[in-house]
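Participant: here is the input, now give the coordinates:
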Amino acid sequence: MFSPRGVAIAVAMTASLVLLSGCWNRSHRIQPPSALSYADLGSIVLQGIELEAKPEYRGDRATEFLVEPPLPAGLTLDPVSGRIHGTPLEITPTADYVITACNSGGEDELLITLTVNPQAPCDLSYSEEDALYVGLVTAVVNMPSVSCGPGHLWVIEPALPEGLTLDGETGIIAGVATELIARTEFTITASNVTGSTTRTIFLEVESPAPCGLSYAQENVVYPPSVPIHPNLPTSDCGAVELFTVTPALPSGLSLDPATGEISGTPAVEQGESVHTITASNSYGSDSTDLTLRISPVFQYIAGSAAAEFDPATGEGALQSTLRLLEGSDNATFPTPIIGLSFAIEHDSALLVPSDVLPGADLLTLGDGSGPDFFEPFFHDGAVTVGIVFSFDLMTLLMADSLREVLVIEYQTRPEAFLDGAEPVSTALTWGSPASSAVENEVALSGTYSVDPILIDATFLLTPAAPAPAEEQP
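Facilitator: A predicted model of the protein is given here:
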């Protein structure tokens with residue numbers, strides 16, 4: 001039998017164990033949790049998306065919450081409130097978790113199933129979204145970029161041209177195209193277990209052989225003994241390795257076999273001739289025809305004159321009248337002209353252009369209204385002018401006799417002539433400055449123009465004699 005003291009000690013120990021045992025203590029006055037649930041917690045959660053779910057239950061307040069096994073990485077069960085919160089860090093396969101809510105009156109268990117899936121992919125893009133590839137030549141590696149979740153499955157519609165493939169796991173478009181296609185729209189879809197995103201790109205595969213060969217001037221008349229402006233080709237598709245011409249170009253002109261540039265100085269007059277230029281590489285070739293004639297068809301003549309300057313101030317002025325003349329031996333003489341372009345240079349240390357005016361023969365066009373388009377441009381050391389007689393091509397100019405088409409007025413730079421006692425010679429020379437693409441040309445149609453023979457002008461500026469002194473009475 002226990003002594004009264006022993007019974008007291010046993011009762012005290014039992015009470016202490018009850019207080020220390022958490023879910024295992026019992027009280028008939030405390031209602032245990034029951035019907036535990038998480039209404040805000042679905043069975044599938046998304047990696048990288050923060051969540052919070054609070055428990056709901058009946059009975060008295062739970063004093064402790066436990067979970068077994070631990071929740072997926074990034075998620076936490078608050079042991080006091082039972083709140084599940086956090087941001088899932090890793091994709092996790094489906095698993096069961098037991099959550100226990102308890103107080104001194106008892107406990108309740110809830111079995112939940114959780115799966116951590118990736119977010120659906122979003123913001124899909126490609127490193128090349130409007131690409132032009134050369135078949136059999138271009139090694140394609142077109143890389144995708146995607147945000148949110150990863151793409152686990154990639155598909156494309158319609159099918160890529162032969163030789164190119166879409167990696168179904170990475171979305172990379174790679175290969176060397178062997179099939180030629182026009183610019184085509186493709187829709188790429190990246191998806192995973194959660195959702196998908198799409199992107200539209202455009203691809204074109206062109207021939208590895210040259211194509212679309214053309215020249216800046218394909219029907220042109222060059223004056224003899226005058227260096228021509230280089231006539232440059234353009235081509236599409238594959239890179240050109242060699243340019244050839246048949247028959248040979250007129251004497252004095254040459255074709256650069258590497259670049260296709262036609263340049264030189266025509267040596268003698270020659271009637272119209274057709275020359276076939278071929279651009280080729282190891283995959284094939286393309287050709288175009290040039291029609292050339294060597295003839296002194298038109299002349300641009302810059303008028304020379306004498307002028308004066310005031311030595312006391314350095315101020316002076318000069319005027320040059322520019323004229324146009326067609327050679328009577330031209331097969332189409334007199335040839336209708338639809339427009340003109342001019343580029344004439346001066347010594348910018350001596351002269352400053354002050355005005356550019358239509359010449360007398362242009363002012364009579366259009367019943368006296370002049371050309372529809374007359375636009376001068378001032379450059380450092382040059383003047384360029386574009387002229388279109390009429391936009392409807394109803395007003396044309398004939399240069400069967402000398403035509404005055406342009407007047408340019410210049411002022412002297414005072415600092416260059418101040419206190420000058422000797423005449424100063426300067427020239428106006430035909431030519432285009434580096435800052436301008438305007439050339440000296442006579443336009444005979446919208447696509448056909450002629451380079452004229454260019455005759456420069458020379459001016460002699462002499463110091464003006466001082467005014468005679470007034471006689472004293």
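Participant: neighbours around the residue nearest to residue 338 when sequence neighbours are not counted, how many?
Facilitator: Take residue 338 and drop its neighbours on the chain: the residue closest to it by CB to CB, 6 or more residues apart in numbering is residue 443, 5.2 Å away. C-beta here means a position set from N, CA and C on the backbone, and glycine is covered the same way. Neighbour count for residue 443, taken as other CB atoms under 10 Å: 18.
Participant: so residue 443 sits against residue 451, correct?
Facilitator: No: under the criterion of CB atoms under 8 Å, residue 443 lies out of contact with residue 451, with a separation of 11.3 Å.
Participant: now do the strands in the stretch 151-300 of the chain.
Facilitator: Under the criterion DSSP state E, counting those that start in this stretch, the stretch 151-300 of the chain carries strands at the ranges 153-157, 164-166, 173-175, 181-191, 196-206, 210-215, 219-222, 233-237, 242-246, 253-255, 262-264, 270-281, 284-294, 298-302.
Participant: then the stretch 301-450 of the chain?
Facilitator: For the stretch 301-450 of the chain, the strands identified by DSSP E, counting those that start in this stretch occupy 305-309, 317-326, 339-345, 351-358, 373-379, 382-388, 403-412, 424-430, 441-443, 449-450, in order along the chain.
Participant: where does the stretch 351-473 of the chain have low pLDDT?
Facilitator: In the predicted model of the stretch 351-473 of the chain, residues 446-447, 467-473 satisfy pLDDT under 70.
Participant: domain map for the protein?
Facilitator: Domain ranges of the chain: 19-117, 121-206, 213-294, 298-463, per automatic domain parsing.
Participant: let me have the strands of the stretch 301-450 of the chain in JSON lines, adding distance to residue 279 as columns.
Facilitator: JSON lines is the format used below for the strands of the stretch 301-450 of the chain (distance: least, CB to CB, whole Å):
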{"stretch": "strand 305-309", "distance to residue 279": "49"}
{"stretch": "strand 317-326", "distance to residue 279": "35"}
{"stretch": "strand 339-345", "distance to residue 279": "29"}
{"stretch": "strand 351-358", "distance to residue 279": "41"}
{"stretch": "strand 373-379", "distance to residue 279": "35"}
{"stretch": "strand 382-388", "distance to residue 279": "31"}
{"stretch": "strand 403-412", "distance to residue 279": "38"}
{"stretch": "strand 424-430", "distance to residue 279": "32"}
{"stretch": "strand 441-443", "distance to residue 279": "25"}
{"stretch": "strand 449-450", "distance to residue 279": "24"}
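Participant: show me what the residue nearest to residue 338 is bridged to.
Facilitator: residue 339, residue 449 (DSSP bridges).
Participant: CA atoms only: put the helix or strand that contains residue 101 into PDB for me.
Facilitator: With secondary structure defined by DSSP states H and E, residue 101 is part of strand 92-103. Extracted as PDB, the C-alpha positions of strand 92-103 are listed here (Å, rounded to 0.1, in the frame of the first residue of the first chain):
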ATOM      1  CA  THR A  92       7.600  18.300 -56.600                       C
ATOM      2  CA  PRO A  93       5.700  15.200 -57.500                       C
ATOM      3  CA  THR A  94       2.400  14.400 -55.900                       C
ATOM      4  CA  ALA A  95       2.700  13.300 -52.200                       C
ATOM      5  CA  ASP A  96       0.500  12.900 -49.200                       C
ATOM      6  CA  TYR A  97       0.900  15.000 -46.000                       C
ATOM      7  CA  VAL A  98      -0.800  14.500 -42.600                       C
ATOM      8  CA  ILE A  99      -1.500  17.700 -40.700                       C
ATOM      9  CA  THR A 100      -2.500  17.300 -37.000                       C
ATOM     10  CA  ALA A 101      -4.200  20.000 -35.000                       C
ATOM     11  CA  CYS A 102      -4.300  19.400 -31.200                       C
ATOM     12  CA  ASN A 103      -5.100  20.900 -27.900                       C
END
